[in-house]
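*Asks:* take a look and give me a structure for this.
(2 chains)
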Amino acid sequence: MSFTEEQITRYSRHILLPEVGGKGQKKIAQAKVFVVGAGGLGSPAALYLAAAGIGTIGLIDSDVVDRSNLQRQVLHHTPDVGRSKVQSAKEKIYLLNPDVTVETYEDRFTASNAMDYIAPYDVVIDGVDTFPAKFLINDACYFAEKPLVHGGILRFEGRVFSIVPKQSACYRCIFNHPPPPGLVPSCQEAGIIGVVAGIIGTIQATETLKLILGIGDPLTDRILDFDARKTAFREIKTKRNARCPLCGDHPTITELFEHEQEACQLQTPGALGVS
Amino acid sequence: MQITINGKPEELQADTIMDVLKHKDIDPHMVAVELNTQIVERDQLDTTNVRDGDKVEFLFYMGGGT
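*Replies:* Below is the predicted model:
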């Protein structure tokens, strides 16, 4: 493939970087990234990846835009309230960069469709807001051997780390299984300062680009936690867990399944978020 | 003894990881625990000893994304 003059101008600030150059920009243009969830994390991640010139962005989300999303889900604008999130997202991405092919899937990501959805893609981004979905994405990426950039947000905090299956620690190496229902709140229940979604989502996009380009030190075997109240990052070094039920020495998880959806109501709202 | 909890050195008396969790008033179901970069399984929290100079990290579940 070769770039048009317009494209060379569009991506000139990338091409100037010795670590990217024309060769790296071609890798970006040929890359396919799957974003699960077109919401708080998926919005900034997809927008920056689109601006960067990612060849194909796949977006899966079964929701419609709610007015309460607009405080942080920057893919969606006021007139989009009530519209399909993936359709709204596709329009914004095309406006930003018509070079990008956007594949949209107005669907839930489930144990029965996960493998088919991620198969064509090079990297997967976790932008979902339930534990069962986060574990499902982790497991699917492990079985499909797709690099995954995990993200999580709550209140003023966020977390990001990358997983290269069979090489670095996975989400289950750390957390094993979802918390008991009702113990850990969702953003819907506990709130989220909108900009934290932007910070974590853009780090996810950064790590995705690095994985595609093969540059720098990937955020693997390191968990990066951010606290907006302190404007502080904390890096927790980790490694593969021999007792991981998925990728450990004696795996007990050998096929995809979905954990029970957690209860919507918190049992003890006062006793949470100690950190 | 002194152990480093989430990057901060703290003085406390504890024999096991579970003692440290109790000291910090943390429900073990809400966190993943690392001792010197090694994950400690939940069923081993009360049998895993901590020693002076150990580094303990508590990772709270963070499930949001949209």
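
*Asks:* can you pull out the strands in the stretch 101-250 of chain A?
*Replies:* Assigned by DSSP state E, counting those that start in this stretch, the stretch 101-250 of chain A shows strands spanning A:101-105, A:123-126, A:148-154, A:157-163, A:222-227, A:232-237.

*Asks:* quick one: low-confidence parts of chain B?
*Replies:* Residues of chain B meeting the criterion pLDDT under 70: none.

*Asks:* any idea which residue of it lies closest to chain A?
*Replies:* Closest residue of chain B to chain A, C-beta to the nearest C-beta: B:T66 (2.9 Å). All C-beta spots, glycine's among them, are computed from the backbone N, C-alpha and C.

*Asks:* just give me the neighbour total for that residue.
*Replies:* When counting by other C-beta atoms under 10 Å in any protein chain shown, one arrives at 26 neighbours for B:T66.

*Asks:* find the nearest non-adjacent residue to it, please.
*Replies:* In space, and not counting its chain neighbours, B:T66 is closest to A:G39: 2.9 Å by C-beta to C-beta, 6 or more residues apart in numbering or on different chains.

*Asks:* ok, that neighbour touching A:N69?
*Replies:* Yes - A:G39 lies in contact with A:N69 (C-beta atoms under 8 Å); the separation is 6.6 Å.

*Asks:* between the two, who's got more neighbours?
*Replies:* A:G39 (28 against 23).

*Asks:* so who does the more buried one touch?
*Replies:* Applying C-beta atoms under 8 Å, 6 or more residues apart in numbering or on different chains, one finds that A:G39 lies in contact with A:D61, A:D63, A:N69, A:Q73, A:K85, A:G127, A:D129, A:A197, B:G65, B:T66.

*Asks:* the fourth one contacts A:G40, correct?
*Replies:* Yes - the pair A:Q73 / A:G40 is scored as a contact, 5.6 Å apart, by C-beta under 8 Å.

*Asks:* mind listing the shared neighbours of those two?
*Replies:* The contact lists of A:Q73 and A:G40 share A:A197, B:T66, where a contact means C-beta under 8 Å, 6+ apart.

*Asks:* burial measure for residue 62, as a count.
*Replies:* Since no chain was named, I'll use chain A. Using other C-beta under 10 Å, the number of residues around A:S62 comes to 14.

*Asks:* hm, I was asking about chain B
*Replies:* Residues lying near B:M62 (other C-beta under 10 Å) number 25.

*Asks:* can I take it that it is in a helix?
*Replies:* No - counting by DSSP: H, G, I helix; E, B strand; the rest coil, B:M62 falls outside a helix, being coil.
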